[in-house]
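**Q** sequence first, then the predicted structure:
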Amino acid sequence: MTEPRATIGVSSDDALDAFYGALLDDDPTALYEKAPCGYLSTLPDGTIVKANETFLTITGYDRRDLVGKRTFAELLTAGGRIYHETHYAPMLQMQGSARAIALDIVRSDGTRLPVLVNAVLERDAADNPVIVRAAIFDATDRREYERELVRAKERAEASDQRATALARTLQRTLIPPTAPSIPGLDVAAAYRPAGDGDEVGGDFYDVFQVADDDWVVVIGDVSGKGVEAAVVTALARHTIRAAAVNEQRPSQILSTLNTVLLRSDTDKFCTVALIRLRNRDGAWTVLASNAGHPAPVLIRSSGVASPVGTPGSLLGILTVPSLTDTHYELARGDKLILYTDGVTEARGPDGFFGEDGLLGALEAGPNTSSELASALLAEVLAFEAGRPRDDIAIVSVILPT
Amino acid sequence: MSVLARHNVRVCGDTNGQPIVFAHGFGCDQNMWRHVAPRFEDTFKVVLFDHIGAGGSDVAAYDPDRYTSLTAYADDVLELCRALHLENVVFVGHSVSAMIGVLAAVAEPARFAKLVLVGPSPRYIDDDGYTGGFGEDDITELLESLESNYLGWSSAMAPVIMGNSDRPELGEELTESFCRTDPAVARQFARVTFLSDNRADLHRVEVPTLVLQCTNDAIAPVAVGEYVTNAMPKAQLVLLEATGHCPNLSAPDQTANAIAAFVR
C-alpha cells in the first residue's frame, strides 16, 4: 500500500479508505446529477432532452415538464429569448460553442434566475448538428456586482461631465467677460485653453481703466493646471487690479503681487507682462514691466517687429524680485502684441513655433487688432494640428493711423 | 473611407450576373449568410456587407444622431447599390434587414427586381389588435440582457474586433468577434430595431416579394409573417420547417432552395 499512498498523497489507512470511498461514490452519474452547476442537453432546435438534478433544483422544474416538452429558449425571459435568437444560437451554430452568455431563466414559480451559460454544439461525422450541451451557473451574486459596476460607471461618467462643465465655467472667470476696449486705441484679445478645453489652465489677461486716459493691459501665466492654478490665477488678476489703484509703476504692481503670492498658501508661481498706457493729448506713452514673461512684441509702422522691455524675475519665488520699468511711446500705426508661451512653445512636426515664427506672423499680419489676434491664434492652432498642448492668450493693442 | 470599405463589402460569384444582396439582421454580421450565399455564386453577382456598427464595418462611421431609424440603414443599402452600380437587384434581408429592404424598395422601386424577407416583422411590440409578440417591458429586458453580456466586451478587446475587417474565411479569430460589437452601438441598434413600426410601409412595396417564415420563430411568429404577406401587394409566403429565428444558419438548404425557387 506504500506506493499508492505516496502517489495520492494520503498518509493513513483511514484517509486512504475515505479516498477510495469518495472515488466510488462519485461515479459518473453522481458527478453529472450533483455537479456544482446545472447541465442541460438539447437538440439543435433547443428541445430539452436531458437535465441534471442541480438544474432542476435551481430552477424548480420537474424533469417531466421539461424533457421533450420545452426548449431552452422557452425557459428564458422574453428579452433573453431575443438575445438567445440573435446572438447565442447563431454563435453556437457558427462557432460550435458559446461562452459566458448572461441570460435570465424564469423559474417554475415565475421568479428569475440570472445565469451564465457555457455551451458546446456536437456534430456528427457528416457535420450535422446533433446535440447541444450547456453548463448553467447561478449568477445571482455576480449579476448584482455587475449592476453595481454599471451604476458606478454611470456615476463616474456623470461626475466627469460635471467636472468638465465646472472647468469651463471657471475658465470663463479668468478672462474679461466682454471684449476689451480702450477709447482711442484698437484693442482685441484671443484666448484658447489647452487640449479639448476640459481642463482649467493658468493663462489670463485683463484690460482695465485706472484713471482718465490711464489704462492697464496685463497678461500672465500661472504655473500648472487645474483648480489650484485657477484659484491662483484669479488671485493674481484681482491683486493686480487692486494694486494698480495705488501703485503707479508697473514694477511696483508686480512686486505687490509677488508679496501676495509668497504669503498665500500656494507653491504656484507666475509670469506677468504688464503695461500702463497713458494718453496725453492723443500721444500714447507706455510704461511696462516684465516678470519672467515672454517680452511683448512692438511692430513699428515700418513693419519691423521686435521684443520690448527688460526681463525680470518670476513672481512667487524670490522675496525681493528683480523688476524694472521701461518707458516708450507709441507712434501712429504701431502695434503692441502681448502673448503667453503657448504661442512660442507651440510644438509642431518640425519643432517649436518659436519667436521667429511669431515675428514672421506679426510682420506679415493684418492691420486691425481683432484680425491680428485671431490670425495669430489660427496660425498657432494650425501649427499644432488644432489641439494645443498649452493655453494660448494673445492681446493686441494698435494705435490707429 | 469608401462606402465599400465602410461596410466591409464582399462581392463574389458571376460579376456579370444579376446582383443578389444579402443583408444580415440585428446581432451578428454577414457571416450569417455563409451557408446560403455561396449557392448563388454560379449565376448571380453575390454582394455581402455589414451594417455600420456590426462585424467588420467601420465602427467610427457610426453616428448615433444619424442611426435613429431604419431609414438610415435603408439609405446605406441604396448608397452601396449606387456605388456598385447595381440594377435589377434581388435583395435578401434577414430579420430587421427585411424591413430595411422594404424601406429601400419604397424609396427606389426601380432599382429592385425582387425582395426576399427572412423572418420579417414590421412591428415587434403588441398594439391594438396587432400581435407582434412582445411588450415594451420585454424590450427593456433585452437592453438589460445586452448590457449584462457586453460586460464581457472590454475596450481591450475592441481593437482585435474592430481591426478584423478582412476575414475571407471563418477561423479561430472569429470566436472572439462574431456577434460582438460596441455595446453603445448594439444598444441603440436594438432600440431602433425593436421599437420601430413599419406596418404602414408594407403596402407601398410594388416589388415582387417572398416572405420566408419559420414554423417556430421566437422573434417573428407565423402570424406576423402572414400579416406581412397580406399587407404587401405582391408577396407570397413560404413556411420553412425550421425552429428559431435564423433559418439561414439552422436550415441553410431549405432556405437556399426556397430563395432559389423564387429568384431563379
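**A** That came through, no problem.
**Q** what is the burial count for residue A:195?
**A** Residue A:195: 13 surrounding residues under other C-beta atoms under 10 Å in any protein chain shown. Where you see a C-beta, it was placed from the backbone N, CA and C, and this is true even at glycine.
**Q** same question for the one 4 residues further on.
**A** Other residues near residue A:199 number 19, with proximity taken as other C-beta under 10 Å.
**Q** spatially, what comes nearest to it if we skip its sequence neighbours?
**A** Nearest residue to residue A:199, sequence neighbours excluded (C-beta to C-beta, 6 or more residues apart in numbering or on different chains): residue A:225, at 5.5 Å.
**Q** quick one: contacts for the one you found?
**A** Taking C-beta atoms under 8 Å, 6 or more residues apart in numbering or on different chains, we find residue A:225 in contact with A:194, A:199-202.
**Q** and for residue A:138?
**A** A:37-38, A:58, A:113-115.
**Q** how near is the residue nearest to residue A:199 to chain B?
**A** 26 Å (C-beta to the nearest C-beta, to the nearest Å).
**Q** could you check the pLDDT of that residue?
**A** At residue A:225, the model reports a pLDDT of 82.
**Q** got phi/psi on it?
**A** phi -140, psi 180 (degrees, to the nearest 10).
**Q** so how far is residue A:217 from it?
**A** Applying C-beta to C-beta, to the nearest Å, the value for residue A:225 to residue A:217 is 24 Å.
**Q** how about residue B:193, what does it touch?
**A** Applying C-beta under 8 Å, 6+ apart, we find residue B:193 in contact with B:26, B:70, B:96, B:124.
**Q** check the secondary structure at it for me.
**A** Assigned by DSSP: H, G, I helix; E, B strand; the rest coil, the conformation of residue B:193 is helix.
**Q** tell me the pLDDT at it?
**A** On the pLDDT scale, residue B:193 is placed at 94.
**Q** give me the pLDDT value at the nearest residue to residue A:214 once chain neighbours are set aside.
**A** Closest residue to residue A:214 apart from its sequence neighbours, by C-beta to C-beta, 6+ apart: residue A:278 at 5.3 Å. You'll see residue A:278 listed with a pLDDT of 95.
**Q** secondary structure of residue A:278: a strand, I assume?
**A** Yes: checked against three-state DSSP, residue A:278 lies within a strand.
**Q** do you know how far residue B:189 is from chain A?
**A** The gap separating residue B:189 from chain A is 10 Å, by C-beta to the nearest C-beta.
**Q** number of residues surrounding that residue?
**A** Neighbour count for residue B:189, taken as other C-beta under 10 Å: 24.
**Q** give me the element it is part of.
**A** According to DSSP states H and E, residue B:189 maps onto helix B:183-195.
**Q** which SS class is the closest residue to chain B within chain A?
**A** Ranked by C-beta to the nearest C-beta, the top residue of chain A for proximity to chain B is residue A:79, at 2.6 Å. Secondary structure, three-state DSSP: residue A:79 is helix.
**Q** quick check: closest non-adjacent residue to it.
**A** In space, residue A:79 is closest to residue B:141, 2.6 Å off (C-beta to C-beta, 6+ apart).
**Q** check the contacts of residue B:193 and tell me the two furthest apart.
**A** For those, the maximum inter-member distance is 12.2 Å, found between B:70 and B:124 (C-beta to C-beta).
**Q** overlap in contacts, those two.
**A** B:193, B:196.
**Q** so where's chain A uncertain?
**A** Applying pLDDT under 70 to chain A flags residues A:1-10, A:197-198.
**Q** now with 50?
**A** Scanning chain A for pLDDT under 50 picks out A:1-2.
**Q** where do the helices of it begin and end?
**A** A:2-8, A:13-25, A:28-33, A:53-59, A:63-66, A:78-83, A:89-95, A:140-172, A:226-246, A:250-263, A:341-344, A:354-363, A:369-383 (DSSP state H).
**Q** closest residue of the stretch 101-250 of chain B to chain A?
**A** Residue nearest to chain A within the stretch 101-250 of chain B (C-beta to the nearest C-beta): residue B:141, separated by 2.6 Å.
**Q** residue A:174 against residue A:193, yeah?
**A** No: the criterion here is C-beta atoms under 8 Å, and residue A:174 misses it with residue A:193 at 9.2 Å.
**Q** quickly list what's touching both of the two.
**A** Jointly contacting residue A:174 and residue A:193 under the rule C-beta under 8 Å, 6+ apart are A:200-201, A:203.
**Q** so who does the residue of chain A closest to chain B touch?
**A** Residues in contact with residue A:79, defined by C-beta under 8 Å, 6+ apart, are A:104, B:138-145.
**Q** and what of residue A:243?
**A** Residues in contact with residue A:243 (C-beta under 8 Å, 6+ apart) are A:252-253, A:256-257.
**Q** can I have the buried ones of the residues you listed as a PyMOL selection?
**A** The PyMOL selection below is limited to those of the contacts of residue A:243 classed as buried (16 or more other C-beta atoms under 10 Å in any protein chain shown):
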select buried, chain A and resi 252+253+256+257
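**Q** out of the contacts of residue A:243, which comes closest to residue A:94?
**A** Top of the list for closeness to residue A:94, among the contacts of residue A:243 and by C-beta to C-beta, is residue A:257 at 69.9 Å.
**Q** show me the contacts for the residue nearest to that closest one when sequence neighbours are not counted.
**A** Computed as C-beta to C-beta, 6+ apart, the closest residue to residue A:257 that is not its neighbour in sequence is residue A:239, at 4.9 Å. Going by C-beta under 8 Å, 6+ apart, residue A:239 touches A:256-257, A:260.
**Q** count of residues packed around residue A:338?
**A** Counted with other C-beta under 10 Å, residue A:338 comes out at 25.
**Q** give me the beta-bridge partners of it?
**A** Following DSSP bridges, residue A:338 is listed with bridge partners residue A:395.
**Q** which residues touch it?
**A** Shown in contact with residue A:338 (C-beta under 8 Å, 6+ apart): A:205, A:217, A:219, A:273, A:275, A:296, A:394-397.
**Q** please tell me how far residue B:16 sits from chain A.
**A** From residue B:16 to chain A the distance is 31 Å (C-beta to the nearest C-beta).
**Q** what sits closest to that residue if chain neighbours are left out?
**A** Leaving aside its sequence neighbours, residue B:16 sits nearest to residue B:45 (C-beta to C-beta, 6+ apart; 7.2 Å).
**Q** no more questions from me, cheers.
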